Structure formats: C-alpha cells, structure tokens
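>>> let me see the structure of the following:
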Amino acid sequence: MSHDVSPIDALAAHAEQRKDRRAFFKAAVGAAAVGAGAFLVSKPAQAQTLTDADILNFALNLEYLEANFYYYAVYGRGIPATSITGVGTPVAAVGGKQVTFQDSLLAEMAREIAEDELAHVNFLRTALGTAAVAQPAIDIGVSATSAFSVAAQAATLVPAGGVFDPYASDLNFLYGAFLFEDVGVTAYKGASSLLTNKTYLDAAAGILAAEAYHASMIRTTIDQLGGNVGLKASTIRGDTELVSNARDSLDGTSDLDQGIAYVSSGAGPTSNIAPTDGNGIAFGRTTGQVLNIVYLNKAQVTAGGFFPSGVNGTIRSSANNA
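A predicted model of the protein is given here:
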C-alpha cells in the first residue's frame with residue numbers, strides 16, 4: 001500500500017477494503033483451525049525453538065515501550081529504574097515529555113493506562129525472574145528524525161522532514177496512543193498462541209484483555225472527536241485511516257489494519273471502534289509483523305524506529321515484507 005494515498009482515496013476505498021478483510025479472515029480462521037501456530041509465527045521464528053520465556057520477553061519489550069510513553073505523558077518521566085533491569089544493560093528511556101491535558105477525563109484515562117502498563121512490565125519481569133531482559137534503548141523523543149515523526153511522515157500527517165510531537169496536545173497524544181494500542185492488541189493475539197504453559201497463557205489472555213480495553217478507550221475517544229478537522233485528512237477519522245494505511249504498508253500485503261472511519265450498512269453509518277472481521281473476531285500479528293511496525297521498516301531487520309538498537313531477547317527480527 002502506498003504512503004502517498006490521498007485522504008479522500010483512503011476513505012473511499014475503506015468499505016471495499018473491509019470486504020476484502022472479511023474474506024481474508026474467513027479463510028484465515030479455517031487455516032488457524034488446522035495450524036494456529038504456523039499462522040501466527042513469523043518466518044524467522046519458525047527456524048527457532050521458542051520457549052515461553054522467549055515469548056514473554058518479546059512482550060516485555062513492547063510493554064517497556066508503552067509504559068514509558070504513557071509514564072512520560074502523565075508524569076513527565078520514564079518508568080522507575082527498578083523496573084528496567086535484567087539480562088543485558090538497561091537503558092533509561094529519554095526524550096518524552098509531560099502532556100498538559102486540557103480534558104481532565106482524558107488525563108485520568110491516561111493515568112489509568114500508565115499504571116496498567118507499568119503493572120504489566122512488573123508482572124512479566126516477575127514471571128520471567130532472572131530470565132527477564134533489561135529495557136533496551138527506546139526512542140519516544142520529539143525531533144524530525146524521531147520514531148514518532150518518521151511514523152507521522154509515513155502516514156502523511158506531517159510533511160517529509162516534519163516534526164510530530166505526541167505530547168503537544170490532547171489530540172496528538174491520542175494519535176500516539178492509537179499507534180501503540182492497536183499494535184499491542186494484535187501482538188498479544190498473535191504471540192499468546194505460542195505459549196505452552198497454561199499459567200502463562202492465562203496471564204497473556206488477561207493482558208490482552210487489558211490492552212483491548214485500552215485500545216477501545218483510545219479509539220472511542222478519537223471517534224467522539226472524529227468529525228473535527230484532522231491534521232492531514234478532512235476529518236480526524238480520516239487521519240486514523242492514514243495511520244492504518246501506513247501500518248499496513250509495513251506488515252505485509254494483506255489489508256488487516258483498520259482505522260476508525262465509519263462504514264456504510266443497511267441501517268446507516270456504522271462506527272468501527274472494534275477492528276474485527278465479519279465474524280466479529282480481532283486479528284493477530286506475527287512477532288515479525290509487530291517488529292516491522294515498531295522498527296518502522298517493512299524489510300527484515302533487527303533494529304530501528306522505536307527500538308534504535310533492537311529489542312532484547314531471542315525474538316529480534318522483523319519479517320521480510322519488502
């Protein structure tokens with residue numbers, strides 16, 4: 001999918017794309033019944049013998065990223081130093097800023113999510129014990145070459161070389177959160193099927209549920225503002241389609257991702273708070289696809305984007321979607 005798709009074209013194509021997604025998902029559900037593990041493991045991982053610790057450490061890297069973003073937005077600092085140690089050299093997250101929230105309810109919601117994400121970090125670290133990886137280098141800063149700006153440039157929310165500051169306003173914060181939460185849900189949906197320990201699987205399902213709640217909170221809040229003028233598109237809902245298209249351009253040829261633009265139905269416009277298929281089922285991404293997005297690269301690489309030195313642990317390579 002091209003990065004230079006216009007907002008109008010993106011919105012016009014949305015209904016047809018969703019039909020394609022539903023057809024794809026019906027086929028995928030059938031494939032999953034035959035071999036769920038093969039459907040959800042990235043190609044690099046298929047050559048590995050992954051342990052539950054590998055999967056949990058993969059999730060821990062993502063939680064480090066989310067927790068630091070929200071902690072900076074709410075408290076103006078990264079997560080506590082006691083929560084980033086482990087195998088390897090811990091690197092404190094820098095570059096974030098505190099958001100001066102104008103909406104008190106949004107501030108409360110952000111605080112709830114920040115505390116939940118830190119709790120996820122601490123839970124996974126406890127479950128992993130001495131096997132827990134340290135926090136890697138994380139880019140949540142604000143500059144023309146920061147991960148947030150590069151992602152916003154790819155989505156055409158800002159021009160090439162432009163700066164996107166996710167801490168500058170309530171709306172910018174929501175866009176930053178929208179980027180993370182949707183990916184987090186699909187990451188847990190995909191990775192949890194690889195776990196073999198029932199206790200870990202139950203815990204992963206619980207975290208997946210929490211991330212889905214977070215995503216729905218963010219998507220609902222954006223939807224309530226959706227008719228307002230967007231940063232690039234004519235509406236905020238149109239902006240979410242541009243972000244969705246950019247993510248789809250990284251994680252493979254299938255159009256899985258969904259923004260928040262309304263779709264037409266026999267009863268009239270229908271909201272799209274929950275990105276599901278025709279059976280109401282959410283989709284998962286392979287570990288490689290998730291890394292494509294957080295590395296901001298559709299090629300098979302081991303670092304970039306929000307993780308400039310890569311994630312820590314066994315699962316480090318993105319998928320080859322170039």
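>>> and the residue sitting nearest the centre point of the chain, how close does it get to Val229?
Centroid-nearest residue in the chain: Val183, 2.2 Å away (criterion: C-alpha atoms, centre = their mean). From Val183 over to Val229 the distance is 26 Å, taken as C-beta to C-beta, to the nearest Å. All C-beta spots, glycine's among them, are computed from the backbone N, C-alpha and C.
>>> how about Ala160?
Counting by C-beta to C-beta, the gap from Ala160 to Val229 is 22 Å.
>>> wait, is the residue nearest to the centre of the chain part of a strand?
No. Looking at Val183 with DSSP: H, G, I helix; E, B strand; the rest coil, it is helix, so not inside a strand.
>>> just checking, it touches Ala246?
No. Using C-beta atoms under 8 Å, Val183 is not in contact with Ala246; the gap is 11.7 Å.
>>> about what we covered before: who's more crowded, Ala160 and Val229?
Legend: neighbour count by other C-beta atoms under 10 Å for Ala160 and Val229, higher for Val229 (11 against 8).
>>> show me what contacts the residue lying closest to the more buried one once chain neighbours are set aside?
Computed as C-beta to C-beta, 6 or more residues apart in numbering, the closest residue to Val229 that is not its neighbour in sequence is Thr235, at 6.8 Å. With contact taken as C-beta atoms under 8 Å, 6 or more residues apart in numbering, Thr235 is in contact with 226-229.
>>> do Lys189 as well
Here Lys189 is in contact with 208, 282-285 (C-beta under 8 Å, 6+ apart).
>>> which of those residues fall in strands?
When those are checked against strands using DSSP state E, none is located there.
>>> let's verify the nearest residue to Asp54 once chain neighbours are set aside: helix, strand, or coil?
Leaving aside its sequence neighbours, Asp54 sits nearest to Thr314 (C-beta to C-beta, 6+ apart; 4.3 Å). Using three-state DSSP, the structure places Thr314 in coil.
>>> doesn't Asn57 make contact with Thr314?
Yes. Taking C-beta under 8 Å as the definition, Thr314 is a contact partner of Asn57 at 7.1 Å.
>>> give me the more crowded residue out of these two.
Comparing Thr314 with Asn57 by other C-beta under 10 Å, the one with more neighbours is Asn57, at 23 against 18.
>>> how many neighbours does Val94 have?
Val94 - counted by other C-beta under 10 Å - has 14 other residues nearby.
>>> related to what we said a few turns ago, what pLDDT does the residue nearest to Val229 get?
Among the per-residue scores, Thr235 holds a pLDDT of 96.
>>> picking up where we left off before, show me the contacts for the residue nearest to Asp54.
48, 50-51, 54, 57-58.
>>> what about the residues you listed, which are in strands?
In strands, judged by DSSP E, none of these are found.
>>> and the furthest pair within these?
Greatest spatial distance among the contacts of Thr314 (C-beta to C-beta): Gln48 and Asn57, at 13.0 Å.
>>> joint contacts of those two?
314-315.
>>> centre of the chain to stretch 250-262, how far?
Centroid separation for stretch 250-262 versus its chain: 12 Å, with C-alpha atoms, centre = their mean, to the nearest Å.
>>> mean confidence score for that stretch?
91.
>>> using CSV, write down the CA coordinates of that stretch.
Only the C-alpha atoms of stretch 250-262 are listed here, as CSV (Å, rounded to 0.1, in the frame of the first residue of the first chain):
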residue,chain,number,x,y,z
LEU,A,250,4.8,-2.3,6.8
ASP,A,251,3.3,-5.6,8.0
GLY,A,252,2.7,-7.4,4.7
THR,A,253,0.4,-7.4,1.6
SER,A,254,-2.8,-8.2,3.4
ASP,A,255,-5.0,-5.2,4.4
LEU,A,256,-5.6,-6.2,8.0
ASP,A,257,-5.4,-2.9,9.8
GLN,A,258,-8.4,-0.6,10.3
GLY,A,259,-8.8,3.0,11.2
ILE,A,260,-11.9,4.5,12.7
ALA,A,261,-13.7,5.8,9.6
TYR,A,262,-17.4,4.9,9.5
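>>> would you mark the buried spots in it?
250-252, 255-262 (16 or more other C-beta atoms under 10 Å).
>>> what subset of the contacts of Thr235 is buried?
Judged by 16+ other C-beta under 10 Å, buried ones among the contacts of Thr235: Gly226.
>>> now the contacts of Thr235 as a markdown table including pLDDT, secondary structure and distance to Arg125?
Formatted as a markdown table, the contacts of Thr235 follow (pLDDT from 0 to 100; DSSP: H, G, I helix; E, B strand; the rest coil; distance: C-beta to C-beta, whole Å):
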| residue | pLDDT | secondary structure | distance to Arg125 |
| --- | --- | --- | --- |
| Gly226 | 95 | coil | 37 |
| Gly227 | 94 | coil | 42 |
| Asn228 | 96 | coil | 40 |
| Val229 | 96 | coil | 43 |
